[in-house]
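Asker: 3D, please:
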Amino acid sequence: MPSSWSWLEKLSAAKETGFDFLEISIDETDEKLSRLNNKKELDNIKKAMEITGFPIRTMCLSGHRKYPLGSNDEHIVTRSLEIMEHAIDLADQLGIRIIQLAGYDVYYEEGSDVTRERFERNLRLVVEMASKKSVVLGFETMETAFMDTVTKAMNYVEIIDSPYLQVYPDIGNLTNASKLYGHDVLEDIHRGKGHICATHIKETIVGHYREIPFGTGHVDFHACISTCWKLGVRMFTAEFWYDKNTDAMEVLKYNQQFVSQRIEESA
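Answerer: You can find the predicted model right below:
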């Protein structure tokens, strides 16, 4: 949706076009990071939710791409933990159930055994933060080799061994990883049995992970959604981007119908 829309307009549009909830984005831009620890923004969101009766149930916290938990820069790590603390507080105040974590040890730096060890150490800290507010953290399967499969995400889920750390996979990214590594995407999804808290439904093509319109890529939505459904997943989130050359409401309607139909066919 256009960033110029108010929270009231965004929630109203999502409700009008048939969605069940909205996922709030906290990415690495100053605009989105400013949503954290911002009383005026919080009050605006709460008021919009009250007026529309429409909830925000999940948060996509991709701001850790710029401020990763495994960074070699101690100032970046401090900022990373601060972002996590504020994100958990925001989730607690808005009734958000799940925060989707970006599966990066580092992004703009070179990864190493040291960054991976630091990531794991700080991951324990943020899971402890989340547990105190009963907020579930779920790893997104990303586009980089560090965590682009459910199998890799599960390694950390098993290491941390907490009910507050699960997997929130992106079936578009998983499909690209399956093409890259030559494995079965459905077998990889099964690796998360009992630990998949929600699923991102997104379209991709080989080598491209963003802004691919639904129905124009190579994701087998029926097979992936059906597999997740059989594993007990009931929260599915459509992920797509605003294109200023399109009619936002028409895209919202089309995407809602596209995703809903495939969930109904797969359930």
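Asker: ok but Gln166 is inside a strand, no?
Answerer: Yes. Assessed by DSSP: H, G, I helix; E, B strand; the rest coil, Gln166 belongs to a strand.
Asker: tally of neighbours for the residue nearest to it when sequence neighbours are not counted?
Answerer: Leaving aside its chain neighbours, Gln166 sits nearest to Cys197 (4.1 Å; criterion: Cβ to Cβ, 6 or more residues apart in numbering). (Each C-beta comes from the backbone N, C-alpha and C, glycine too.) When neighbours are defined as other Cβ atoms under 10 Å, Cys197 has 23 of them.
Asker: go on, Val259?
Answerer: Neighbour tally, Val259, other Cβ under 10 Å: 22.
Asker: doesn't Cys224 make contact with it?
Answerer: No. With contact defined as Cβ atoms under 8 Å, Val259 does not reach Cys224; the gap is 12.0 Å.
Asker: looking at the chain, which helix or strand is least sure?
Answerer: helix 30-33 (a mean of 94; mean pLDDT, DSSP states H and E).
Asker: next, the buried residues of that one.
Answerer: Neighbour counts over helix 30-33 (16 or more other Cβ atoms under 10 Å) mark 32-33 as buried.
Asker: what's in contact with the next helix or strand after it?
Answerer: Using DSSP states H and E, the helix or strand that follows helix 30-33 in sequence is helix 39-52. Under the contact criterion Cβ atoms under 8 Å, 6 or more residues apart in numbering, helix 39-52 has outside partners 6-8, 10-12, 15, 24, 34-35, 55-56, 90, 93-94.
Asker: go again with 6 Å.
Answerer: Contacts with helix 39-52, where a contact means Cβ atoms under 6 Å, 6 or more residues apart in numbering, come from 7-8, 11-12, 15, 35.
Asker: how about stretch 228-244?
Answerer: 1-2, 23, 58, 193, 196, 198-202, 211, 255, 259, 263, 266-267.
Asker: can you give me the end-to-end distance of that stretch?
Answerer: The first and final residues of stretch 228-244 sit 33 Å from each other (Cα to Cα, to the nearest Å).
Asker: can you give me the buried ones in that stretch?
Answerer: Quick answer for stretch 228-244 (16+ other Cβ under 10 Å): 228, 233, 235-240.
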